[in-house]
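Participant: just a sequence and a predicted model for now, questions to come.
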Amino acid sequence: MATPVKMPQLGESVTEGTITRWLKAEGDEVELDEPLAEVDTDKVNAELPSPLAGKIEKLLVSEGTIVDVGTEIALVAADGDESAAAEAPARENVADESPTEEFPAAGTEAQPAEDDETQRVVAESRSGGNGSSNGRAVESAETLRLTRSSPVVRRIAAEHDVDIREIPGTGTGGRVTKKDIEGFIEEREPAPAGLREEREAFGPPEEPEAPPERAPVHEGDRVVALTPIRRAIANRMSLSKRESPHAWTMVEADVSGLVALREQEKAAFTEREGVRFTYLPFIARAVVEGLKETPVLNSVWDRDRIVLRKRINIGIAVDLDDALIVPVIPDADELNITGLARRIDEAVRKARNRQLSPDDVSGGTFTVNNPGALGSVVSTPIINHPQAAILSAEAIVKRPVVVNDAIAIRSMMNLEVSFDHRILDGGAALRFLNAVKRRLEDYGSDSELS
Amino acid sequence: MAEKNLLQAIHDGLAEEMRADDTVMVMGEDVGRAGGVFRVTQGLQEEFGTARVMDTPLAESLIVGSAIGLSVNGMRPVAEIQFADFITPAFDQIVNEAAKFYYRSNGAWNVPLTIRAPYGAVPGGALYHSQSIEAWFCNTPGLKVVAPTFPADAKAMLKSAIRDPNPVLFLEHKRTYRLIKEDVPDDDHEVPLNKARVHREGEDITVISYGLMLYTALEVSRKLSDEHGIETEVVEPRTLYLLDKQTILNSVKKTGKVLIISEANITGSVSGEIAAVVSAEAFEWLDAPVMRLGAPDTPAAPFGRPAMDAFVPSAEKIEAAMLELARY
Amino acid sequence: MTMEKTGARHEALGLDEADLKKIYRAMLLARRVDERSWILNRQGKAAFVISCQGQEAAQVGTAYNLRPGYDYLYPYYRDSGMTLLLGQTPRDQFLSIMGKKEDPNSGGRQMPGHFSSRELNIVTASAPVGVQYPQAAGTALAFKMRGEDGVAVACGGEASTSGGDWHEAMNFAGIHNLPVIFLIENNVYAISVPSALQVAGSIAKRAEGYGFSGVEVDGNDVLAVYEAAKEAVDRARRGDGPTLIEAKTYRITAHSSDDDDRRYREREEIEEWRLKDPIIRFEKYLAEYGLLSGEEREALDREIKAEVAEASEYAENAPFAKPEEALTGVYAEV
């Protein structure tokens, strides 16, 4: 039977060649190594010596045709015994093997095809993540940090069947760190944990054991998914109400003098200091002095003891359109009105521009709420857990009041405090409130802006 | 046991090896009569003679090429490249020749050659006496690249390098030659050329570094511990190629947070290789993105002092990076 | 055999009949092995061939002065004439060009022409041109340091003298009087670039600038080469330093099996040089002294061809190294 002669690879990187001239015809005898044809490639032109002796049965490719390396170009019937014919195919196989073979991936056995497959699958599963929902690519790094944290946190969360979003985070941007989740798992009980670091952030605390039943959704209803901030606030408020038995009391303050002072000074102040001049610095100052007189409102409940904080770090509640955030002014007792005005202005600005860092919202010991700015005259604020109390300053309203047994028109501001009744009682709360009231009532148009 | 600086430790390593084995020889520019421009080889020519401590012509390709030829005819040369910045003319002989002799001859010829070179930025060194060149070589199968920072390690690893049947590039941070001192044992102990070292244990973050940056990182770690209660685990690769992945990964898996600091231009640095290994093989343990700190992608260390100081990562920058990582 | 004429060149060189026959056989063997290699390449059985044809005298004449396994050889890729003389076999050559596992140079890892043998002190050759020269100088220095009389021979084409490594090595050899011989086989072409564009001035004369002897020799006259190399080797063994030998020869084939030399030189030029073929010239010399009759020559050629055919077949049937074997042996064990 005839043996095929194939187009050899004449030169590195050559992939094809042309038979420019057959030197033998069909039916001719050819000897081993005798030139069969002239071949042209882009590297060399050469004669092709016959790889075997025999009779040319067929020329398979016509002159001038370009063929790929390895293509059969002629059939030669080998003369002589069978062993010669048998050997020829073996040699062809040797020639067929490409000069270089693929190396299998490091650490694997031979079977390159299978390993390619495995590696592709592995690569896809890795890049695809843990099979979480689509659309994640569009979310910001900040959101991902809060919801997905890091590989190790996800792993621990999965192992313990915990939702990362339920855990308060102390990392960047409120991220749940490995320590946070480990601590959370250790202390996981219905009752609250012991003293933890008081760095308030967006992270929500634990949820109650049994989640409530779903509300039915009717046609026309609009379902709004919770943003991380909303969820955080929701959880924080629930926690505060659950943990601290809230009590509440109120006083009225005659701030006519303060109003006059502010009217008088505000233009000059703004021009001098470059910031707005509101009532908040005065309220904050008064609160600081009130806390100095009744330090029990500047404390935290710690399981079987109360820790009275030395530093007075005042949180100012700032209303954003869809959320509430409390930037903290540390060591507010070291600031005068001007200083407080500046710091408050800065804090509010940063809050509105979403530029607050975790440090900016942490470490608070007492919170001042100002719903009066939005027109409220009475409110019952929820304590900023785990603080002892929170003060609300209401709108300044001109009202008829009795002064020295006569009716006068005075600017009146309501001041309320919600307090943790575990830590203190009404007496202390009222002593505090009265101190604040007195301080605010002391201002007049001739007061120094210290 | 005596206190030695890095320079003295390397000198002692050379002298001891030359005493123990008379096929060990030293060659390079100015290494003989002058004792080396940094004085590392001081006194060696007096003790061992001009043949074994040879002042070569100013020709780096020749220095390495002839050292290869010596090493295949019975000698164990320790070739010095005066500044790592000048290693480039010898690149062909190192990468195409020394590193490939054994593999390409199917095990017939090996090259027991050690090439020493001082690297790293110094004030006044500027572009051509300050470069960190390790990345160019850490992609060369057949070669080993080591850069021990501390004197005792340097002495022990130099001995291992000289005794190794393979070519070893031995890098010395010139700014630490006299800066770092410690007790160096007198004995003949070797440190294997594929083992990292944990200088300091900690739970909070891992810092991987070498050279002057390692030294600074250790100081900053002490500060962070005192001032912030942050405990840093500091790991030194010691060998940059072949990397001790196990020690590095163990540390990362422990802390979940890693910062790699070197003085090399950050893009394409060995730090990148370490970061890739960590990301791939410690992914599930990571609690923060893998961070790197290095020099900017500009030619090394300008001559003017303020620019030079800004080029090398400062203690402040390192502290800020470590704090950011700890707080992530 | 008939008596030698008085005043015969080979006698003056201390070569007897047996030596001359060995030399001739070595040259013819190299030629036949090379011819077969080209056929194997054109048949698609050998991926790459790079020839010694035309340079057999320069190679054998030099190498015949060496002590295999004692002196060191740093050959370049054409030097199969040398390696076959020093102890490699036709089988070795074919195993190498087919990239088989049993290839003694590299186990099939390197291209053909990258010779290596620990036993024969042939140092593993590389592809970048000229790297061998500083290495050979270092090897020679080791001999000198130990006070031994070994020599190192480094070979290359004329183009290998263009690179810095050659000059650095020459300089070093001159400074330290090293027992190294630089054999430049000036075969006129570096692939397609002729020596007029490659070499400024004279290669042989450059040695003088480096403080030692340089000699130009007819590279196609094996006895002339032998003589020049003998002097160089003796000089080196005595401790009198290096020598540069420029052997003027010609590259009969294209640069390699991947090169088409019709693009840059005329057939006539090649034919002119074929008339000066070193093997034919030596045959004439041997015939002149009655040392090789026509029948003897034919018998020898048949014997060589049979040896070559057997070796070629052996290599064709030999196995390749397994792919996973290429992942080992990067580092020597500590």
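Facilitator: On my side now, so go ahead. Residues are numbered from 1 along each chain as shown, chains lettered A, B, ... in the order given.
Participant: for the residue nearest to the spatial centre of chain A, what is the enclosing helix or strand?
Facilitator: In chain A, the C-alpha closest to the average C-alpha coordinate belongs to residue A:145, at a distance of 2.0 Å (C-alpha atoms, centre = their mean). Secondary structure assignment for residue A:145, by DSSP states H and E: helix A:141-147.
Participant: how near is the residue nearest to the centre of chain A to residue A:409?
Facilitator: Using C-beta to C-beta, to the nearest Å, one gets 54 Å for the distance from residue A:145 to residue A:409. To be clear about C-beta, it is placed using only N, CA and C from the backbone, and glycine gets the same treatment.
Participant: that older thread, so which elements touch the helix holding residue A:145?
Facilitator: helix A:228-243 (3 or more C-beta pairs under 8 Å, 6 or more residues apart in numbering or on different chains; DSSP states H and E).
Participant: next helix or strand past the helix it packs on?
Facilitator: Counting by DSSP H and E, what follows helix A:228-243 is strand A:246-254.
Participant: would you mind getting the angle between that following strand and helix A:228-243?
Facilitator: Computed with axes from the mean of the first three to the mean of the last three C-alpha atoms, to 10 degrees, the direction of strand A:246-254 lies at 100 degrees from that of helix A:228-243.
Participant: just checking, next helix/strand downstream of strand A:246-254?
Facilitator: Criterion used, DSSP H and E; the element after strand A:246-254 is helix A:256-273.
Participant: can I get that following helix in PDB, CA atoms only?
Facilitator: The C-alpha trace of helix A:256-273 is given here as PDB (Å, rounded to 0.1, in the frame of the first residue of the first chain):
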ATOM      1  CA  SER A 256     -35.900  87.400  74.600                       C
ATOM      2  CA  GLY A 257     -32.500  88.700  75.700                       C
ATOM      3  CA  LEU A 258     -30.700  86.100  73.600                       C
ATOM      4  CA  VAL A 259     -32.800  86.900  70.600                       C
ATOM      5  CA  ALA A 260     -31.900  90.600  71.000                       C
ATOM      6  CA  LEU A 261     -28.300  89.700  71.300                       C
ATOM      7  CA  ARG A 262     -28.300  87.600  68.200                       C
ATOM      8  CA  GLU A 263     -30.100  90.200  66.200                       C
ATOM      9  CA  GLN A 264     -27.600  92.800  67.200                       C
ATOM     10  CA  GLU A 265     -24.500  90.700  66.600                       C
ATOM     11  CA  LYS A 266     -25.200  88.300  63.800                       C
ATOM     12  CA  ALA A 267     -24.200  90.500  60.900                       C
ATOM     13  CA  ALA A 268     -20.900  91.500  62.400                       C
ATOM     14  CA  PHE A 269     -20.300  88.000  63.500                       C
ATOM     15  CA  THR A 270     -20.800  86.500  60.100                       C
ATOM     16  CA  GLU A 271     -18.600  89.000  58.500                       C
ATOM     17  CA  ARG A 272     -15.900  88.500  61.100                       C
ATOM     18  CA  GLU A 273     -16.000  84.800  61.400                       C
END
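Participant: okay, now residue B:23: neighbour count?
Facilitator: Look at residue B:23: counted by other C-beta atoms under 10 Å in any protein chain shown, it has 18 neighbours.
Participant: if you count neighbours, what's buried in the helix holding residue A:145?
Facilitator: By 16 or more other C-beta atoms under 10 Å in any protein chain shown, the buried positions in helix A:141-147 come out as A:145, A:146, A:147.
Participant: return the member of those nearest to chain B.
Facilitator: residue A:145 (8.9 Å; C-beta to the nearest C-beta).
Participant: tell me who's in contact with the residue in chain A that chain C sits nearest to.
Facilitator: Across chain A, the shortest distance to chain C (C-beta to the nearest C-beta) belongs to residue A:8, at 2.4 Å. By C-beta atoms under 8 Å, 6 or more residues apart in numbering or on different chains, residue A:8 lies in contact with A:48, A:69, A:95, C:42, C:43, C:44, C:45.
Participant: these also near chain B: which ones?
Facilitator: Counting by C-beta under 8 Å from any C-beta of the partner chain, nothing from the contacts of residue A:8 sits close to chain B.
Participant: among the residues you listed, which ones are buried?
Facilitator: Neighbour-count burial (16+ other C-beta under 10 Å) applied to the contacts of residue A:8 gives A:48, A:69, A:95, C:42, C:43, C:44, C:45.
Participant: could you dump those residues into JSON lines with pLDDT added?
Facilitator: Formatted as JSON lines, the buried ones among the contacts of residue A:8 follow (pLDDT from 0 to 100):
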{"residue": "A:48", "pLDDT": "90"}
{"residue": "A:69", "pLDDT": "87"}
{"residue": "A:95", "pLDDT": "39"}
{"residue": "C:42", "pLDDT": "95"}
{"residue": "C:43", "pLDDT": "95"}
{"residue": "C:44", "pLDDT": "94"}
{"residue": "C:45", "pLDDT": "95"}
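Participant: can you flag which of those belong to strands?
Facilitator: Counting by DSSP state E, the buried ones among the contacts of residue A:8 place residue A:48 in strands.
Participant: now, which of the buried ones among the contacts of residue A:8 sits nearest chain B?
Facilitator: When these are compared against chain B (criterion: C-beta to the nearest C-beta), the nearest one is residue C:45, at 21.9 Å.
Participant: pLDDT weak spots in the chain?
Facilitator: I'll assume chain A. A:11-13, A:43, A:80-138, A:189-212, A:450 (pLDDT under 70).
Participant: you answered for a different chain; I wanted chain C.
Facilitator: In chain C (pLDDT under 70), the answer is C:1-7.
Participant: give me the number of residues near residue 79?
Facilitator: Just so you know, I chose chain A. Applying other C-beta under 10 Å, I find that residue A:79 has 13 neighbouring residues.
Participant: that's the other chain; I wanted chain B
Facilitator: Neighbours of residue B:79 (other C-beta under 10 Å): 32.
Participant: may I have the secondary structure class of it?
Facilitator: strand (DSSP: H, G, I helix; E, B strand; the rest coil).
Participant: thanks a lot, catch you later.
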